[in-house]
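Participant: Next one to model:
(4 chains)
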Number of protein chains: 2
Amino acid sequence: MMEKDKLCLDHIRPVTDALAVLSGKWRVPILVALCEGDKRFNELQRDIKHITPRMLSRELLELEQHALITHETHPVSTLRTYRISSYGHSLEPVLVALKLWGDGHRTRFIGKS
Amino acid sequence: MMEKDKLCLDHIRPVTDALAVLSGKWRVPILVALCEGDKRFNELQRDIKHITPRMLSRELLELEQHALITHETHPVSTLRTYRISSYGHSLEPVLVALKLWGDGHRTRFIGKS
DNA sequence: CTGTATCCGTGCAGATACTG
DNA sequence: CAGTATCTGCACGGATACAG
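Facilitator: Okay, here's the model as predicted:
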């Protein structure tokens, strides 16, 4: 089981797979917003600054196709509630690793906003 | 420290910072190729399938501006040698986390190439 | 060998308006 | 409230040719 953590050729595809899931301007903000708890469409639109309904709709669909989030539709009304799936929570170690490195990177390049 | 590894709002910026550094089609392939050892421009172009000299040049510059790689110019000839910096190696935990999750993701979505 | 210059197609994403 | 439709600009990245 991984005797070496060094980079090698067979790392490329899984890494780019993971990056593809997280890439785009709104994926991480949406996931983080949903980590505060289940939310509805307009709550997400309010909490995520500057996102348009078009992009929010698109990205919610994408995240759901990747099984990272789910939604429930209220039986009577048409209210939908979005939430992170347990599979979505499996991304946490990845996001933590990215955060730790990103913190250091911002520190190293002082002067960046 | 980090008493909790849960996602929260102040994770967004460092995470997207890190993602920005790794995003793009060629960054990871270049880093991985250089992990095999120092290489010259044409070696990289040969080892990284389908990359054009334009993109290789562009991405090498970008990676160097982010301090992830360095280059040395042979004093007499104009031969350049590219190598990963120690700072570049600090990305390894991040790439390992991405690889581990990406492996699982590919397993989960069987049928994907 | 180590790149640059130029041209170009496509997709990502914003703005705005509209609908059930 | 919860989205969709349409239009648009721009950046990403490929192809090809050229240069030091």
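Participant: how about the strands of chain A, start to end?
Facilitator: Assigned by DSSP state E, the strands in chain A fall at A:69-73, A:80-84.
Participant: Just name the most buried of those strands.
Facilitator: Scoring the strands of chain A by mean neighbour count under mean count of other Cβ atoms under 10 Å in any protein chain shown gives strand A:80-84 as the most buried, with a mean of 17. Every residue, glycine included, has its C-beta placed from N, CA and C.
Participant: Residues contacting that strand, please?
Facilitator: A:31, A:34-35, A:38-41, A:44, A:60, A:68-74 (Cβ atoms under 8 Å, 6 or more residues apart in numbering or on different chains).
Participant: Does that strand reach DNA strand D?
Facilitator: Yes - Strand A:80-84 is in contact with DNA strand D by Cβ under 7 Å from any atom of the strand, via A:Arg80.
Participant: same deal with stretch A:23-32?
Facilitator: No - Stretch A:23-32 is not in contact with DNA strand D by Cβ under 7 Å from any atom of the strand; minimum separation 9.5 Å.
Participant: any idea of the mean pLDDT in that stretch?
Facilitator: Taken as a whole, stretch A:23-32 has an average pLDDT of 96.
Participant: could I have it exported to CSV, CA atoms only?
Facilitator: Taking Å, rounded to 0.1, in the frame of the first residue of the first chain, the C-alpha atoms of stretch A:23-32 are listed here in CSV:
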residue,chain,number,x,y,z
SER,A,23,-12.3,23.0,-10.7
GLY,A,24,-14.4,25.8,-11.8
LYS,A,25,-15.1,29.0,-10.0
TRP,A,26,-18.0,27.9,-7.9
ARG,A,27,-17.6,24.3,-6.8
VAL,A,28,-15.7,24.9,-3.6
PRO,A,29,-17.8,27.9,-2.5
ILE,A,30,-20.9,25.8,-3.0
LEU,A,31,-19.5,22.8,-1.1
VAL,A,32,-18.3,25.1,1.7
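Participant: which residues sit against it?
Facilitator: Outside stretch A:23-32, the residues touching it (Cβ under 8 Å, 6+ apart) are A:21-22, A:44, A:48, A:51, A:55-56, A:59-60, A:62-63, A:68-69, A:84, A:88, A:91, A:95, B:7-9, B:11-12, B:15-16, B:19, B:23.
Participant: Flag every residue of chain A that's near DNA strand C.
Facilitator: So chain A meets DNA strand C at A:23-26, A:50-55, A:78 (Cβ under 7 Å from any atom of the strand).
Participant: which one of the contacts of strand A:80-84 sits closest to DNA strand C?
Facilitator: Proximity of the contacts of strand A:80-84 to DNA strand C (Cβ to the nearest atom of the strand) peaks at A:Phe41, which lies at 9.9 Å.
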